[in-house]
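In: Next comes the sequence, and after it the predicted model I'd like to discuss.
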Amino acid sequence: MSIFDPQFLPILIFVLRVTNNVIGTLRLILVSREQRLWGFAFASLESLLFAYTAGHVITDLNNIPNLTAYVFGFAVGGVVGMQVENRFVKSYESVTVIAARAVSHEMAVALREAGHGVTEIMGEGAHGAVEELRIIVHRRDLHQVLRIIHNIKEDVFVTVEHSEFIRGGWIRAHRK
């Protein structure tokens, strides 16, 4: 029996479609890092895999196993691609919290105990004294930071912005 036998074709389509999406993610990472030659190579491989798998599915749309393998391969490939991106791309978020001084200081202490760097900035809001907290976090730690903030006080003003460039300061160490 060959891997190209009709009974194994849906498995091959599924695996190639997952691989196609992961390669697409890696290509985008390489292009964003200006790795043009590798980006070119990955784009070529990505298009070859796409053409091969799409060709098997488009020529016979009544073949439900092949169509199902193609659809689920794309979906699983997207999830695997996100995992690859989270693993290999360092992405940072800038979290800003504005709250009453007593509450924000309690948040700052809790965040520092969890290993995050926090800058406290005194200010004046519409209803009196406030404090602004600035926390730069790895994207993977964002939910933990927001949970700590939310557990102390639910209705504080919070913004999250993507940070393209980080230098210096205190960023929580990469967890193994």
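Out: Right, received. Where do you want to start? Residues are numbered from 1 along each chain as shown.
In: hey, let's count contacts and neighbours off CA atoms from now on
Out: Fine.
In: Not counting its neighbours along the chain, what's nearest Ile136?
Out: Ser94 (4.6 Å; CA to CA, 6 or more residues apart in numbering).
In: which residues touch the longest strand belonging to the chain?
Out: The longest strand of the chain (DSSP state E) is strand 128-138. Outside strand 128-138, the residues that touch it by CA atoms under 8 Å, 6 or more residues apart in numbering are 90-101, 104-105, 108, 116-124, 171-172.
In: So which of these sit within helices?
Out: Secondary structure from DSSP state H places Arg101, Ser104, His105, Ala108 of the contacts of strand 128-138 in helices.
In: would you list these in CSV and tack on pLDDT, distance to Ile136 and neighbour count?
Out: Formatted as CSV, those follow (pLDDT from 0 to 100; distance: CA to CA, whole Å; neighbours: other CA atoms under 10 Å):
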residue, pLDDT, distance to Ile136, neighbour count
Arg101, 87, 20, 19
Ser104, 93, 16, 23
His105, 92, 17, 17
Ala108, 95, 13, 23
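In: Looking at those residues, spot the one nearest Val79.
Out: Of all these, Val79 sits closest to Ala108, with 33.6 Å by CA to CA.
In: Just give the nearest non-adjacent residue to the residue nearest the centre of the chain, would you?
Out: Residue closest to the average C-alpha location in the chain (CA atoms, centre = their mean): Asn86, at 4.9 Å. Using CA to CA, 6+ apart and skipping residues adjacent in sequence, the residue nearest Asn86 is Arg140, 7.4 Å away.
In: And for Lys153?
Out: Closest residue to Lys153 apart from its sequence neighbours, by CA to CA, 6+ apart: Val103 at 7.4 Å.
In: same question, Glu106
Out: Spatial nearest neighbour of Glu106, excluding adjacent residues (CA to CA, 6+ apart): Ile152 at 7.7 Å.
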